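Undergrad: Quick check, what structure comes out for this input:
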Amino acid sequence: MPVKTYASAVFGIQAITITIEVNISGGTKYHIVGLPDNAVKESMLRVEAAMQSCGLRMPRQKIVVNLAPADIRKEGSAYDLAIAIAILAASGQVAADKLEQYLIMGEVSLDGGLQPVKGALPVSIQARNDGFKGLLIPKQNAREAAIVNDLEVYGIESLREVVAFLEGDTAIEPTIVNTRDEFLRDINNYESDFSEVKGQENIKRALEIAAAGGHNVILIGPPGAGKTMLAKRLPTILPPLNLSEALETTKIHSVAGKLAASDSLMTVRPFRSPHHTISDVALVGGGVNPQPGEISLAHNGVLFLDELPEFKRTVLEVMRQPLEERRVTISRARFTIDYPASFMLVASMNPCICGFHNHPSRECTCGPGMVQKYLGRVSGPLLDRIDLHVEVTPVDFNELSSSRYAEKSAAIRSRVMVAREVQEHRFCDRPDIHCNAQMSPGLVRTICAISEAGQLLLKNAMERLGLSARAYDRILKVSRTIADLAGAEEIGNEHLAEAIHYRSLDRDGWAG
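TA: Sure, this is the predicted structure:
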């Protein structure tokens with residue numbers, strides 16, 4: 001009679017329960033069916049060695065292992081433990097009466113120990129949704145899985161321990177994590193602060209606007225001007241994650257295997273800074289076994305691209321659609337996976353190859369046309385999707401050596417949160433929109449209405465700078481955010497003028 005255990009397969013950031021059926025009959029061969037990949041097929045060798053190491057017996061008969069539903073491809077080594085328990089139950093070495101109560105996941109080592117698996121959080125959520133009493137999972141994944149309420153999560157160290165637990169020979173205390181306490185304890189746990197940045201008040205102002213409206217920003221300036229230092233401190237002024245955002249962000253990092261054993265819940269906004277040699281698949285996600293890319297790992301946080309023109313053109317161009325739709329769709333012949341990708345893009349670049357174009361004290365050594373050629377490495381359509389173009393100038397000695405008080409991130413964040421609250425109220429009937437940067441063109445026309453004087457100001461700016469229709473919308477969105485920070489009901493000319501000022505790369509003569 002077949003014995004059933006239950007495991008889980010992760011697709012995107014969701015999980016599907018997999019039923020593992022084992023039948024033992026006369027014969028000598030092992031068979032695994034149900035669309036297993038090579039890692040799953042190899043599990044029989046790992047399972048056999050683990051059983052021998054734990055003093056258990058691998059049946060010398062025909063063993064058929066079926067992974068249902070059979071039309072879904074099973075990948076990875078996380079099914080090892082469930083297969084091993086099903087074989088032991090089918091051969092009478094483990095009682096089968098408790099198996100239907102638990103979902104079992106884990107990679108088995110040759111000595112019977114368990115190795116961690118990816119996607120413990122979505123697996124745990126699905127186990128609760130399917131009505132399982134508990135989850136048996138490697139101890140390294142226990143805290144991550146235990147943030148799900150109404151599910152007993154048992155951190156297991158070895159195959160022998162699982163057998164003893166199912167037989168009732170040993171009691172294992174479930175791992176308990178107080179999700180809300182864990183969330184609130186580390187919500188403001190940042191190692192850096194804006195108070196460490198001397199001078200650059202105009203750049204801080206631009207980043208405050210970007211944080212308040214969720215806008216993308218590019219910093220252009222010479223080497224050593226503080227572009228990277230400023231960008232790394234942007235998460236410290238963003239509003240704290242709410243619990244829903246923290247869970248969604250943790251799921252993505254869980255699927256990618258980026259959570260440490262000591263982590264249970266991501267409580268601060270992610271900051272991802274890939275090197276410029278990254279491939280397009282690594283950035284947006286995909287591969288033979290699709291995994292989330294850097295833009296999904298930056299979901300609800302910041303994606304920082306340092307030295308933007310050094311990235312391959314194909315890598316930058318694949319970001320254009322995710323920047324608009326805030327998600328990534330990876331399509332294969334048999335399935336399609338959606339990964340969320342709602343992130344703030346922060347890019348930095350030198351103004352030219354030597355880095356000193358428009359420098360106040362050093363002369364640019366680039367030849368004629370080289371500045372335009374260097375800037376041309378970044379396409380116009382991508383720059384159109386970046387709301388704020390900010391020119392960063394070097395900090396002089398007097399500012400660097402000054403002991404004058406610099407504003408802390410907490411003070412800037414408080415203003416940002418007030419502006420975000422205004423936007424949450426504004427979009428209360430639109431659950432898919434949380435900040436000004438996410439407005440559709442239709443909403444922009446409704447919410448970002450401007451006076452006749454403002455229309456004339458914007459018309460002159462567009463004609464002089466040659467701005468696109470997308471840039472027109474971006475200016476209106478930024479001006480709405482500036483007005484929100486100022487507590488203004490309507491967009492004034494001063495708000496529009498400041499928003500137009502943040503289009504440095506569009507200004508005539510900027511590149512020589």
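Undergrad: neighbours around the residue lying closest to residue 243 once chain neighbours are set aside, how many?
TA: Among residues not flanking residue 243 along the chain, residue 183 sits closest, at 5.8 Å (CB to CB, 6 or more residues apart in numbering). Placement of C-beta: from N, CA and C, glycine included. The local packing of residue 183 (other CB atoms under 10 Å) involves 20 other residues.
Undergrad: contacting residues for residue 385?
TA: Residue 385 makes contact with 216, 320, 323-324, 345, 470, 474, according to CB atoms under 8 Å, 6 or more residues apart in numbering.
Undergrad: domain parsing for this structure?
TA: 3-177, 185-428 (automatic domain parsing).
Undergrad: Skipping its backbone neighbours, what lies nearest residue 351 in space?
TA: Closest to residue 351 by CB to CB, 6+ apart is residue 357, at 4.0 Å.
Undergrad: again, but for residue 470
TA: For residue 470, the closest residue by CB to CB, 6+ apart turns out to be residue 384, at 4.6 Å.
Undergrad: Could you do residue 73 as well?
TA: In space, residue 73 is closest to residue 35, 4.6 Å off (CB to CB, 6+ apart).
Undergrad: any idea how far residue 12 is from that neighbour?
TA: 18 Å (CB to CB, to the nearest Å).
Undergrad: The two - which one has more neighbours?
TA: residue 12 (23 against 15).
Undergrad: Tell me which residue is most central in the chain.
TA: By CA atoms, centre = their mean, the mean C-alpha position of the chain lies nearest to residue 297, the distance being 2.3 Å.
Undergrad: Could you list which residues are in contact with the residue nearest to that one when sequence neighbours are not counted?
TA: Spatially, and ignoring its direct neighbours in sequence, residue 297 is nearest to residue 272 (5.3 Å; CB to CB, 6+ apart). By CB under 8 Å, 6+ apart, residue 272 lies in contact with 294-295, 297-298, 301-304.
Undergrad: low pLDDT regions in this structure?
TA: Along the chain, the model assigns pLDDT under 70 to residues 1, 186, 188, 261-262, 504-512.
Undergrad: distance of the residue nearest to residue 293 when sequence neighbours are not counted from residue 279?
TA: Distances taken as CB to CB, 6+ apart put residue 285 closest to residue 293, at 3.4 Å, once the chain neighbours are dropped. According to CB to CB, residue 285 and residue 279 sit 11 Å apart.
Undergrad: Pretty sure residue 416 sits in a strand.
TA: No. Secondary structure assignment places residue 416 outside any strand; it is helix (DSSP: H, G, I helix; E, B strand; the rest coil).
Undergrad: can you give me phi and psi for residue 460?
TA: Main-chain torsions, residue 460, degrees, to the nearest 10: phi -60, psi -40.
Undergrad: Now for it, how many residues are close by?
TA: For residue 460, using other CB under 10 Å, the count is 11.
Undergrad: got it, and the one 10 residues further on?
TA: Around residue 470 there are 14 other residues, counting by other CB under 10 Å.
Undergrad: which stretch of helix or strand covers residue 64?
TA: Using DSSP states H and E, residue 64 sits within strand 62-68.
Undergrad: Counting by contacts, list what that strand packs against.
TA: Using 3 or more CB pairs under 8 Å, 6 or more residues apart in numbering; DSSP states H and E as the contact criterion, the elements in contact with strand 62-68 are strand 14-25, strand 30-33, helix 80-90.
Undergrad: quick one on the thing from earlier: how about the contacts made by the residue nearest to residue 243?
TA: For residue 183, counting by CB under 8 Å, 6+ apart, the contacting residues are 243, 246, 265, 267.
Undergrad: how about 10 Å then?
TA: Counting by CB atoms under 10 Å, 6 or more residues apart in numbering, residue 183 touches 147, 240-243, 246-247, 264-267.
Undergrad: same thing with residue 94?
TA: 3, 5, 56, 84-88, 162-167.
Undergrad: ok, those vs residue 424, which is closest?
TA: Checking the contacts of residue 94 against residue 424 by CB to CB gives residue 5 as the nearest, at 45.1 Å.
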